[in-house]
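J.: how would this look folded up:
(one chain, ligands or ions: 1)
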Amino acid sequence: MIAIGCDHGGYALKQEVMRHLDELGLAYKDFGTYSEESCDYPVYAKGVCGKVLADAGNATPGDEPASFGILVCGTGIGMSMTANHIPGIRAALCGCEFQARATRQHNNANVLCLGERVTGQGVALDIAELFLNTAFEGGRHLRRINQIEG
Ligand code: RB5
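T.: Here you go, the predicted model:
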């Protein structure tokens, strides 16, 4: 399951990400916003992260996420700031495929943040696909992510 959300600055890219998820046959739920009308990104970040945490239940930081979140705003920064304020969320703002792969392998990130005004559509779709298809490596990385909120 994938929970996806955006503000007005990320609306167009979110539409493309959802189209790509459809092509990949991956299930998702759209938590809004549903137009390019100006809105406040924390509302949508909190909605998506709430779903990721609800699906996680009693999972520990080393468990593969039951659900992933994808958040898109103009820069990706407001979304990532908001998401990383929420205990249990490890949100990664990614601008290239290397970051997408590494943050799953090393940080067990459960939320991907994208910046529509920063990252081209083709790269953004590759980032999303890689993020969703890369497993956490555990080991020394588990020790480190356990210290984030420890
Ligand atoms: C909206 O103009 C913009 O501020 C927002 O999408 C995001 O980039 C905030 O971090």
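J.: which residues in the protein form strands?
T.: 2-6, 28-30, 68-73, 91-93, 111-115 (DSSP state E).
J.: so how far is the fourth one off the chain centroid?
T.: This points to strand 91-93. Relative to the centre of its chain, strand 91-93 is centred 6 Å away, using CA atoms, centre = their mean, to the nearest Å.
J.: buried ones in stretch 83-102?
T.: Within stretch 83-102, the residues scored as buried using 16 or more other CB atoms under 10 Å are 83-84, 86, 89-95, 99-102. Any C-beta I mention is one placed from the backbone N, CA and C, and that applies to glycine too.
J.: and if you look at stretch 17-33?
T.: So for stretch 17-33, counting by 16+ other CB under 10 Å, buried means 17, 18, 20, 21, 26, 28, 30, 31, 32, 33.
J.: farthest pair within those residues?
T.: Spanning the widest gap among the buried residues of stretch 17-33 are 26 and 33, at 21.0 Å by CB to CB.
J.: verify the contact between residue 109 and residue 84 for me.
T.: No. Judged on CB atoms under 8 Å, residue 109 makes no contact with residue 84 at a distance of 10.2 Å.
J.: for residue 67, give me its contacts.
T.: By CB atoms under 8 Å, 6 or more residues apart in numbering, residue 67 lies in contact with 1, 2, 3, 51, 52, 55, 56, 110.
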